[in-house]
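> model the structure of this input:
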Amino acid sequence: MNRRDFLHAAAATTVGSAIGAPALANQTPDPKGTTPPPRNWNDPASAIEPDPAFEAFDARGAALNGGTAGLLRIWTGGMFTEGPVWFGDFHRVVWSDIPRDTLYEYNASTGETRVLRHPSGHANGNTRDRQGRLLTCEHGNRRLTRTEYTGEITTLADNFQGKKLNSPNGVIVKSDNTIWFTDANYGLILQHQGYQRGESEIHPNVYMIDPKSGTMTVVADDFSEPNGLCFSPDEKKLYITDTGAVGGPPGAPSWIRVFDVSDDNKLTNSTVFHDLKQSQPGAISDDIRADTQGNIWSAGGWGTDKNYNGVSVYAPDGTPIARIVLPEIAANLCFGGRYHDTLYICASKSVYALNVNANGVEL
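Sure thing, here's the model as predicted:
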C-alpha cells in the first residue's frame, strides 16, 4: 500500500464532520507544464540559465523569473522535509524533518547545514513571532511551542477546551502578534510522523491565539485537513489550504480557500481561491506564501503528473501564472535572503533554493 492509499484508509479512524462547500471563485485550470532537462545536482556547472525549471504561463509569471538565478539543491539526505523559516539576523534557514524527529539549520553565508534540535517532537511547520522567536508545530507532542531566547521551550497550545489537539501543522503570526495555526490529523495517521498512532479527540480546526488575553479560539471549523496558511500583504485576507484529498474522507477537497479578515480577526466570505482537483488529479497544495504583489506561491504535488511537483504561482485572482518544477514533491516553502527574494523549498528528501524576481511577505 502506498502512502496516499494508507492515508485514505487511516482517515476512517479519525473524528470528522461534514465539510461545507464554500463559494467557487472563477477557476482557470493549471497548465500541465513541461519536464525540465536532467541535471547533475552535484555539479553547479550543469545548470542552464535561465533555469528551465521556472516556467511562466503569462507575462505576470514571466516577470517573476529571476533570470540568471538558477535552482540549487542546497541539502539532501532527509526523509521528509517540511516547515522552512528564515532567520535573517543569523542568515539561516530552519526546517523540519518529521520522520527523523529533527530540526536542521542551513547557514546561507557558509553553505553548511547542521542539526539544530533532536528530538524535535516530530516537528512540522515553523515560523517566527514578531519578537524573533521560533514557533514550532510538534506532531509527536500534539502541541504548538515557542523557543525562548534562553532555549527553553514553552507550550503555547496542546488542547482546546480539554480535548487534545490532533497534530498542529502550519503556523503564522499576524502583525498584531496573534498566532494562527492549523491542526490536521497527519501526525495521528502516520506513525513515523508522530511517536505513535493516536486517536483524534477533536475535529481538525484552524485556531487563533491572542497573546494579550491568552485566549484560543476556533476561527474555521469546516475543513477536512487544514494545512498551510498565509495572509495577503495587507492582512485583509487569509488563505488556507485544505489537503483532505490526501488523508481525508472520500471526496474530500484539495483546494486553497480565502477569507476576508475583519479588524477583530473574524473570518467571513469564504471562497475557493483555487481548486486543484479541476486540473491536477490527486494533487494538493501543501503550503503557501504570499509575495508583496499579492501572488500566492504554493508548494505541492502528489498528483499523477510529475510536472505538478514543485511550486505553483497564482495571481491575486487565482489564475496560475508560473510553476517551478522539481524532481521531488514539494511540501513547504518560505522567502528568505536580505530582500526576501530567495525562495527556500522543502521537497521530500531535499531542500532547494531559487532567487526570484519577487519579494516575500516575511519578517
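> how close does the closest residue to Val356 other than its chain neighbours sit to Asn359?
Excluding its sequence neighbours, the residue lying closest to Val356 (CB to CB, 6 or more residues apart in numbering) is Gly66, at 4.8 Å. All C-beta atoms are positioned from the backbone trio N, CA, C, and that covers glycine. According to CB to CB, to the nearest Å, Gly66 and Asn359 sit 12 Å apart.
> so those two - more neighbours on which side?
Counted by other CB atoms under 10 Å, Gly66 and Asn359 do not tie: Gly66 has more neighbours, with 19 against 15.
> if we can go back for a sec, which neighbours do Gly66 and Asn359 share?
Asp341 (CB atoms under 8 Å, 6 or more residues apart in numbering).
> for the stretch 101-250 of the chain, which segments count as helices?
In the stretch 101-250 of the chain, the helices defined using DSSP state H, counting those that start in this stretch lie at 186-189.
> Lys163 - how many residues pack around it?
Neighbour number of Lys163 under other CB under 10 Å is 12.
> do you know the pLDDT at it?
Looking at Lys163, its pLDDT stands at 97.
> likewise Asp305?
Reading off the confidence values, Asp305 has pLDDT 87.
> cool, the one 3 residues further on as well?
Tyr308 carries a pLDDT value of 91.
> my read: it touches Ser298, true?
No: using CB atoms under 8 Å, Tyr308 makes no contact with Ser298, being 10.4 Å away.
> give me the low-pLDDT residue ranges for the chain?
Judged by pLDDT under 70, the chain has its weakly predicted residues at 1-21, 23-26, 191-192, 194-197, 363.
> pull the longest strand from it.
Ranked by residue count and defined by DSSP state E, the top strand of the chain is strand 267-275.
> just the buried residues of it, please?
Within strand 267-275, the residues that count as buried by 16 or more other CB atoms under 10 Å are 267, 270, 272-275.
> same check on stretch 135-149?
The neighbour-count check on stretch 135-149 (16+ other CB under 10 Å) flags 135-147 as buried.
> alpha carbons of stretch 313-325, as PDB, please.
Listed next in PDB are the C-alpha coordinates belonging to stretch 313-325 (Å, rounded to 0.1, in the frame of the first residue of the first chain):
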ATOM      1  CA  VAL A 313       2.300  30.600  -8.500                       C
ATOM      2  CA  TYR A 314      -1.200  32.100  -8.600                       C
ATOM      3  CA  ALA A 315      -2.100  35.700  -9.300                       C
ATOM      4  CA  PRO A 316      -4.300  37.500  -6.800                       C
ATOM      5  CA  ASP A 317      -7.400  36.500  -8.900                       C
ATOM      6  CA  GLY A 318      -6.400  32.800  -8.600                       C
ATOM      7  CA  THR A 319      -5.100  32.400 -12.200                       C
ATOM      8  CA  PRO A 320      -2.000  30.100 -12.400                       C
ATOM      9  CA  ILE A 321       0.900  32.200 -13.800                       C
ATOM     10  CA  ALA A 322       4.000  30.200 -13.200                       C
ATOM     11  CA  ARG A 323       5.500  26.900 -11.900                       C
ATOM     12  CA  ILE A 324       8.800  25.700 -10.600                       C
ATOM     13  CA  VAL A 325       9.100  22.000 -11.500                       C
END
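> which strand residues bridge the closest residue to Asn65 other than its chain neighbours?
Take Asn65 and drop its neighbours on the chain: the residue closest to it by CB to CB, 6+ apart is Phe54, 5.3 Å away. Using DSSP bridges, the bridge partners assigned to Phe54 are Ile324.
> and if you look at Gly300?
Ser285, Gly310.
> now Arg60: which helix or strand?
Taking DSSP states H and E as the definition, Arg60 sits inside helix 59-62.
> tell me which helix or strand comes right after that helix.
strand 72-76.
> surely Cys230 and Ser285 touch.
No: between Cys230 and Ser285 there is no contact under CB under 8 Å: 11.1 Å.
> quick one: which of those two has more around it?
Applying other CB under 10 Å to Cys230 and Ser285 shows that Ser285 carries more neighbours, namely 30 against 24.
> what number of residues lie near Glu201?
Neighbourhood size, Glu201 [other CB under 10 Å]: 15.
> switch to numbering from 542
Noted, 542 is the first residue going forward, which turns the last one into Glu742.
> could you look up the SS state of Cys887?
Taking DSSP: H, G, I helix; E, B strand; the rest coil as the rule, one finds Cys887 in the strand state.
> tell me, how many residues neighbour it?
Count around Cys887 with other CB under 10 Å applied: 28.
> over to Ala586?
So Ala586, with other CB under 10 Å, has 5 neighbours.
> could you do the one 4 residues further on as well?
By the measure other CB under 10 Å, the count of residues near Glu590 is 10.
> apart from its neighbours in sequence, what residue is nearest it?
Thr609 (4.8 Å).
> how far away is that neighbour from Thr883?
Per CB to CB, Thr609 is found 14 Å from Thr883.
> which of these two has more residues huddled nearby?
Legend: neighbour count by other CB under 10 Å for Thr609 and Thr883, higher for Thr883 (21 against 10).
> about what we covered before: hang on, the residue nearest to Asn606 packs against Gly607?
Yes: Phe595 lies in contact with Gly607 (CB under 8 Å); the separation is 7.4 Å.
> assess the claim that Ile837 and Ile829 are in contact.
Yes: counting by CB under 8 Å, Ile837 does reach Ile829; the two are 5.5 Å apart.
> okay, the two: which has more neighbours?
Between Ile837 and Ile829, counting by other CB under 10 Å, Ile829 is the more crowded of the two (27 against 24).
> quick one: that one is in a strand?
Yes: counting by three-state DSSP, Ile829 is found in a strand.
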